[in-house]
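Student: okay, here's the prediction I keep looking at, along with the sequence it came from:
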Amino acid sequence: MSKKANRSEFQIINQGYNSIFKPNELSLGLVIPIENYSNSPVPTMKDHLQRVQQIEELGFKALWVRDIPFNVPSFGDAGQLFDPFTYLGYLAGQTSSITLGIASIALPLHHPVHVAKSAASIDQLSGGRFVLGVASGDRYDEYPAMGINHEQRGNLFRASFEYIREAEESFPTLASNPYGELKGNIDILPKPTAHKIPMLITGYSQQSLEWNVENGDGWMSYPKNLYQQKLTIEQWRELIAKTQDFDKPFIQPLYVVLQDNDDFKPEPIPLGFKIGANYLIEYLDQLKDMAVNHVALNLRFNSMDMNSTLERIANKVLPHFHTFKGEQIVS
């Protein structure tokens with residue numbers, strides 16, 4: 001039986017998901033750590049907690065950590081250093097409203113019981129503020145180091161995804177899965193605050209677009225030029241409209257090197273721009289018009305003072321987009 005998405009609604013899942021994803025709206029979050037570490041793959045993590053509490057107070061909707069088990073020099077970025085689940089468990093107790101996201105867990109590198117239990121634990125401890133990005137992984141060296149077949153990562157991703165979804169049920173049953181068999185005689189606790197943990201597929205994760213539309217609660221994709229990104233989103237939305245009961249959000253990251261001059265015209269850098277605040281607003285408006293629902297800003301290469309950068313984005317950029325919870329636009 002065919003389905004038709006209600007284009008005006010996303011599914012109601014948990015507080016974190018419903019806070020950042022609104023139909024026809026765009027929200028902004030930040031990738032952690034919030035510091036310039038352009039000259040080293042390893043951040044200092046200096047003042048990391050103060051930065052997190054600062055962005056929550058300034059009104060950013062989400063913070064995002066990454067799953068980087070190994071420091072792979074050829075990749076060039078060790079992320080936030082801390083284990084993503086342990087770190088978000090800590091940040092859950094140090095924040096009160098901001099969405100806590102992972103972008104993304106490489107599912108083949110973890111047993112799904114550990115992912116399901118950790119995800120539900122953070123979701124419970126944060127009052128439903130957790131959102132889980134999932135991926136098949138993109139750093140080859142990590143697979144042989146953990147005794148995992150890189151060529152099988154697509155199959156392992158799908159098997160892990162299925163296991164995690166089943167683990168959300170009471171005394172789950174699951175057969176013919178490479179991660180194990182569940183016979184309904186044991187349970188995995190805790191359960192999520194809602195009926196499930198929102199899971200966002202990253203890239204294609206070695207799956208078809210049809211599988212991702214059917215199973216994901218949203219889609220994360222890297223920045224592209226506006227024309228290509230528009231085509232990507234249209235393809236995603238058209239398939240959702242034909243097959244799903246609800247619309248699903250689209251998310252992308254963006255590297256930003258903010259300039260002191262608000263009228264500084266955009267200069268491309270890998271996956272982002274050197275840019276002034278006024279042109280950043282203009283660019284984000286174009287993404288919003290293309291139905292991008294959330295942008296995770298990454299300030300790793302930002303050269304301006306970080307306090308000034310965060311306050312400038314909060315004062316000049318956020319008010320143009322975070323109007324759906326009552327904020328006023330300041331021109």
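Tutor: All right, it came through fine. Source: prediction; values computed, not measured.
Student: show me where this protein has its strands.
Tutor: 6-10, 27-31, 62-65, 99-106, 130-135, 173-174, 182-183, 199-202, 219-220, 246-247, 250-258, 267-269, 272-275, 294-298 (DSSP state E).
Student: can I get the ones you listed in CSV with distance to residue 160 and mean neighbour count?
Tutor: Any C-beta I mention is one placed from the backbone N, CA and C, and that applies to glycine too. Output for the strands of the chain, formatted as CSV (distance: least, CB to CB, whole Å; neighbours: other CB atoms under 10 Å):
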stretch, distance to residue 160, mean neighbour count
strand 6-10, 24, 14
strand 27-31, 24, 24
strand 62-65, 19, 26
strand 99-106, 9, 26
strand 130-135, 8, 28
strand 173-174, 11, 15
strand 182-183, 13, 15
strand 199-202, 11, 24
strand 219-220, 17, 24
strand 246-247, 24, 19
strand 250-258, 21, 22
strand 267-269, 34, 12
strand 272-275, 31, 21
strand 294-298, 23, 24
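Student: quick one: which of those is nearest residue 119?
Tutor: Among the strands of the chain, the nearest to residue 119 by CB to CB is strand 130-135 (5.2 Å).
Student: list of residues touching the closest one?
Tutor: By CB atoms under 8 Å, 6 or more residues apart in numbering, the list of residues contacting strand 130-135 from outside reads 14, 16-17, 20, 62, 64, 88, 92, 99-107, 115, 119, 122-123, 157, 161, 197-203, 205, 220.
Student: parallel or antiparallel, which strands does that strand pair with?
Tutor: strand 99-106 (parallel), strand 199-202 (parallel) (DSSP bridges).
Student: taking strand 250-258 as reference, get the angle to that strand.
Tutor: With axes from the mean of the first three to the mean of the last three CA atoms, to 10 degrees defining the directions, strand 130-135 sits at 90 degrees from strand 250-258.
Student: for the residue nearest to residue 255 when sequence neighbours are not counted, give me its contacts.
Tutor: Spatially, and ignoring its direct neighbours in sequence, residue 255 is nearest to residue 272 (2.9 Å; CB to CB, 6 or more residues apart in numbering). By CB under 8 Å, 6+ apart, the contact list for residue 272 reads 223, 254, 255, 256, 257, 298, 301.
Student: equivalent analysis for residue 207, please.
Tutor: Contacts of residue 207 (CB under 8 Å, 6+ apart): 154, 157, 158, 201.
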